[in-house]
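Enquirer: Below are the sequence and a predicted model for it; my questions follow.
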Amino acid sequence: MTPETFADIAVPRPLFQTFTYAVPDSMKKDLTPGSRVVVPFGRQHLVGMTVRVHQEPRPGEVKPIRQLLDREPLLSRRLLELGLWVAAYYLAPPGETLKVMLPPGLLARKVGKDHLSGKFWPEKRQLAVVGVTPREEKLTARQREVLEQLTRLPLPVVVQPFLRRMRCSQSVLKTLASKSMIEMKEVEAYRSPWTYSESSPEVRKHVLNPDQQRIFSKIQKHLASAEFRSMLIHGVTGSGKTEIYLNAIAEALARERSALVLVPEIGLTPQISRYFRAWFGEQVAILHSALSAGERFDQWQKIRRGEAQVVVGTRSAVFAPLENLGVIIVDEEHDGSYKQEDLPRYNARDVARKRGQLEGALVILGSATPQLETYYQSVQGEGLEYESLDSRILERPLPTVEVVDMREEFQKHGKAVVVSDVLARSIAQRLNDKEQVLILLNRRGYAAALLCRSCGHTESCDNCSISLTYHRHSNRLICHYCGFLRSLPKRCGVCAREYIFFLGQGTEKVQQLLGELFPGARIDRMDRDTVQKKGSFQRILGAFAAGDTDILVGTQMIAKGHDFPRVTLVGVLTAEQALKMADFRAAERTFQLLTQVAGRAGRGEQPGEVVIQTYYPNHYSLKHARSQDYRLFFEEEIRFRRNFQYPPFTVLANCVLQGEQPRQIRDQAEQLADLLLHYRTRLSSGQRMRVLGPAQAPLEKLKGQYRFQILVKATSRKELHDVLASAMDDLRRKKSSLKKSSIDVDPLNLL
Ligand code: ADP
Ligand code: ZN
């Protein structure tokens, strides 16, 4: 008798374990780790992922797997291993972790008990134009235009998106088909995320300068050795990092290996993806969350089938199913958007490094302002090679930075002003010279808060402990954390007087103000409100690149890696905003933001100028941002981290417990803290571990939930993991409801 075979299955539920099922004989041949199965789970059936197949007997009854869904595993062994590493490292449920590695829907479906023949594969057959044969015949102008477009595009052309982009109805195509000038058929076609306007980009390849060449030579050497390596390229803004990435990828492809490029946010992608398209054409797939589920699935398929060897994408693209990876590039490695603030709370930069290790690939991290931990690690020689690019391309100077003390400005004018005299003069000058201006203000909306001048009451969110922002366009108060809306009150909600006053300003107000100050200027705005609609990013950035906009006002979105050669002035309003946050990274974030946005100025022929307005001109993050000196900033910041035992000198985990009853949540938090202390005492070594809290979280109420947090600081990662895992296990065994609670390992955000 052959021994019974079992499989450990991860189900997409917030559960911290896998479940063992029996493998029926009929599946034994085909079932492998990485394949999805349907399993009975409680009263339901779920789609789960096979993690391990083995013959270790289990006590008690083991239910059989109901159905095998994939003959070919969806996740390669390496990706599966990576996923399980992520789950363990971030103390996240394995099923939920594997779920985010796949396109939406593949692991999420609940299955009805009686109909297991559900749809598990979102592949779509779609109507497409598969042939075009224009003939001399009378056509309307519209028909001719459509036909002309079709002759230009590579076939097949999927009908739906084509009609949408042409703003045209299907009847035009029907007529053309009836005249046999086009042929349409249902095909399995990729839903392409490229917009047509991007199909013929103009990008020049440059000859690398000596600095770039020096780094590229090292990259070539590493790619030849085909071993895991990692490297930090610390290059000032505009030093030509992208050009090195492109060459590195070309080198990997020449060695028949694939390449993965991570970029922070979708705002960067139109520009960056255009470069990659120009260099690598159809070999490029892009993956980001603004794609529709169908588009994402198609890109994923294309990668899995080996039809795309270069993937450019945001956070979750780190899990792209590329085979034979040669190089992984993480651009702007310091960027906060690599951290997922939801389960599993992974940081794609760190996952990329693990993936590189598993795949024997070269990992390149690039930034002008590396995260402190990254830089520290590389200067300490801890397995991260350090390379720097200290000057801009073509010896272009870094912009000059002027800091305006807004306290003096206040005294001069006898009131708070939004735009200082210095900045106003500089803007006027640029408008006169037909150059472009970026204005950064890290708050969207019109007024930061609504204050009653009679009793001091500010309007705050019902669900969160945060004040509401006034948005003029919609004439409403909005909570930026939960989306709560309230109409603009006429009277104070507490004292009922009519002394309501708008406090502080957001991008909407600044756009209006600049319009009043510079009546002839063309002013546009980029923030989360204006980029909501699909394609608006491209529209705003496109208009700016084309010179149709003189001044672009925006939030940190405008600070990201854009390359606009005609920008010669960058203005920053309220530079200290991030410093007020109760977070040990506040200074680092401020320095990064200021340096990054300054880096947008003077990238073309004309030198750039930066004007930073602040009430805290003497803070060290502002001082060093003025000279754009990362090393000086680092030296001061690292002292602070050492004194207060923050990363890189310790590793952190932030446990947040939340619920509707503050009393109950505090009790639970205390229970967890006791358990952590208990397990800590079992540590044999003299390693110190500190358990801070429980305390009210800085955002004590969020989305209707009261929040308490415990911050754990340890000098050993292994000990941190052991203690947290044991304590959580204990709590779970006691059946404490921990549904809305979370542990954030290596947190970026402590609010
Ligand atoms: P970074 O990513 O470091 O901010 P980029 O790679 O965007 O810098 O380069 C800045 C500008 O310089 C871009 O317009 C790019 O096309 C150009 N560039 C890069 N390398 C070279 C080179 N070797 N010679 C001339 N121009 C270059
Ligand atoms: Zn809210």
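Expert: The structure has been received and is ready for your questions. Ligands and ions are numbered 1, 2, ... in the order given.
Enquirer: drop to CA atoms for contacts and neighbour counts, all remaining ones
Expert: OK.
Enquirer: Which positions in the protein make contact with ligand 2?
Expert: For the chain, the residues in contact with ligand 2 (CA under 5 Å from the ion) are 461, 463-464, 479, 482.
Enquirer: Out of those, give me the one that has the most neighbours.
Expert: Cys461 (25 neighbours; other CA atoms under 10 Å).
Enquirer: Asn247: which element?
Expert: Secondary structure assignment for Asn247, by DSSP states H and E: helix 241-254.
Enquirer: Is ligand 1 within reach of stretch 590-600?
Expert: No - when contact is scored as CA under 6 Å from any ligand atom, no part of stretch 590-600 falls within range of ligand 1; the minimum is 7.6 Å.
Enquirer: Residues in contact with that stretch: which ones?
Expert: Residues from elsewhere that reach stretch 590-600 (CA atoms under 8 Å, 6 or more residues apart in numbering): 236-238, 368-369, 398-399, 401, 440, 556, 558-564, 567, 570, 572, 575-576, 578-579, 610, 621-622, 624-625, 628, 633.
Enquirer: Now, those that are in helices?
Expert: Counting by DSSP state H, these place 621-622, 624-625, 633 in helices.
Enquirer: Can you confirm whether the helix holding Asn247 lies near ligand 1?
Expert: Yes - Helix 241-254 comes into contact with ligand 1 (CA under 6 Å from any ligand atom), by way of 241-243.
Enquirer: Same question for stretch 277-291.
Expert: No - figure legend: stretch 277-291 not in contact with ligand 1 (CA under 6 Å from any ligand atom); closest approach 12.4 Å.
Enquirer: CA atoms only for that stretch, dumped as PDB, please.
Expert: Provided in PDB are the C-alpha atoms of stretch 277-291 (Å, rounded to 0.1, in the frame of the first residue of the first chain):
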ATOM      1  CA  ARG A 277       9.300  51.200 -24.200                       C
ATOM      2  CA  ALA A 278      11.700  53.000 -26.400                       C
ATOM      3  CA  TRP A 279      14.600  50.800 -25.400                       C
ATOM      4  CA  PHE A 280      12.900  47.500 -25.100                       C
ATOM      5  CA  GLY A 281       9.700  47.700 -27.100                       C
ATOM      6  CA  GLU A 282       7.300  44.800 -26.800                       C
ATOM      7  CA  GLN A 283       9.500  43.000 -24.300                       C
ATOM      8  CA  VAL A 284       8.200  45.300 -21.600                       C
ATOM      9  CA  ALA A 285       5.300  44.600 -19.400                       C
ATOM     10  CA  ILE A 286       4.000  47.100 -16.800                       C
ATOM     11  CA  LEU A 287       2.300  46.300 -13.600                       C
ATOM     12  CA  HIS A 288       0.600  48.800 -11.300                       C
ATOM     13  CA  SER A 289      -2.500  49.200  -9.300                       C
ATOM     14  CA  ALA A 290      -4.200  51.700 -11.600                       C
ATOM     15  CA  LEU A 291      -4.600  49.000 -14.300                       C
END
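Enquirer: Could I get the buried residue list for that stretch?
Expert: For stretch 277-291, a neighbour-count test (16 or more other CA atoms under 10 Å) marks 277-280, 283-288, 291 as buried.
Enquirer: helix or strand right after the lengthiest strand in the chain?
Expert: Counting by DSSP state E, the longest strand found in the chain is strand 689-702. Downstream of strand 689-702, the next assigned helix or strand under DSSP H and E is strand 705-714.
Enquirer: So what touches that next one?
Expert: With contact meaning CA under 8 Å, 6+ apart, strand 705-714 is reached by 463-464, 646, 650-662, 665-666, 669, 673, 687-697, 699-701, 720.
Enquirer: What remains of the residues you listed if I keep only buried residues?
Expert: Neighbour-count burial (16+ other CA under 10 Å) applied to the contacts of strand 705-714 gives 463-464, 646, 650-659, 662, 665-666, 669, 673, 689-691, 693-697, 700-701, 720.
Enquirer: In JSON lines, list the ones in helices among the contacts of stretch 590-600 along with pLDDT.
Expert: Formatted as JSON lines, the ones in helices among the contacts of stretch 590-600 follow (pLDDT from 0 to 100):
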{"residue": "Ser621", "pLDDT": "91"}
{"residue": "Leu622", "pLDDT": "91"}
{"residue": "His624", "pLDDT": "93"}
{"residue": "Ala625", "pLDDT": "91"}
{"residue": "Phe633", "pLDDT": "96"}
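Enquirer: Pick out the most distant pair among these.
Expert: Farthest pair in those (CA to CA) is Leu622 and Phe633. Separation: 9.3 Å.
Enquirer: What separation is there between Leu699 and Asn463?
Expert: Distance, Leu699 to Asn463, using CA to CA, to the nearest Å: 11 Å.
Enquirer: Leu173 too?
Expert: Remark: distance between Leu173 and Asn463 (CA to CA) = 51 Å.
Enquirer: Please apply the same query to Pro648.
Expert: Applying CA to CA, the value for Pro648 to Asn463 is 35 Å.
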